[in-house]
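> Predicted structure and sequence below. I'll ask about it afterward.
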Amino acid sequence: MVTNYLKRQFSASVNGRPVGVSATASPGTTIHTAVTGNVHMDEVYLYLTNNSVSAVSATIEQGGFSGFNNLTLSIPPLSGSVLALPGIPMNGGLDISIFASASGSINATGFINRYEVL
């Protein structure tokens with residue numbers, strides 16, 4: 001049962017602004033650190049934008065650096081916001097990090113819904 005709900009910006013975002021992805025290898029640029037413990041849950045909505053003229057591969061590291069924790073997407077050139085994580089629940093202080101095939105091409109935006117779970 002959910003008893004409390006808050007919409008929040010990513011922990012790496014300054015006043016809700018996009019987070020630029022500069023990393024081109026693991027570990028990636030940290031976008032958000034999920035709430036610690038297991039009483040609360042962060043529901044993550046992540047959008048990626050490619051501002052370059054070529055497609056860019058973006059790898060999202062969800063709480064770890066090994067293959068089964070990763071999701072790799074091809075982001076089209078000059079794209080608007082592409083939904084990358086559609087409300088994935090996370091907690092335990094896990095990091096969401098991103099690295100891309102071209103530094104400075106990808107911006108990450110989005111939000112989390114933080115729930116208290118009883």
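It's in.
> make it CA atoms for all contacts and neighbour counts henceforth
Will do.
> which helices and strands does the worst-scoring helix or strand of the chain on mean pLDDT pack with?
Least confident helix or strand, the chain: strand 2-8 with a mean of 82, by mean pLDDT, DSSP states H and E. If contacts are counted by 3 or more CA pairs under 8 Å, 6 or more residues apart in numbering; DSSP states H and E, strand 2-8 sits against strand 106-117.
> Show me what counts as buried in the strand it packs on.
Within strand 106-117, the residues that count as buried by 16 or more other CA atoms under 10 Å are 106-115.
> could those be laid out in JSON lines, adding pLDDT?
Formatted as JSON lines, the buried residues of strand 106-117 follow (pLDDT from 0 to 100):
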{"residue": "Ile106", "pLDDT": "96"}
{"residue": "Asn107", "pLDDT": "96"}
{"residue": "Ala108", "pLDDT": "97"}
{"residue": "Thr109", "pLDDT": "97"}
{"residue": "Gly110", "pLDDT": "96"}
{"residue": "Phe111", "pLDDT": "97"}
{"residue": "Ile112", "pLDDT": "96"}
{"residue": "Asn113", "pLDDT": "95"}
{"residue": "Arg114", "pLDDT": "93"}
{"residue": "Tyr115", "pLDDT": "90"}
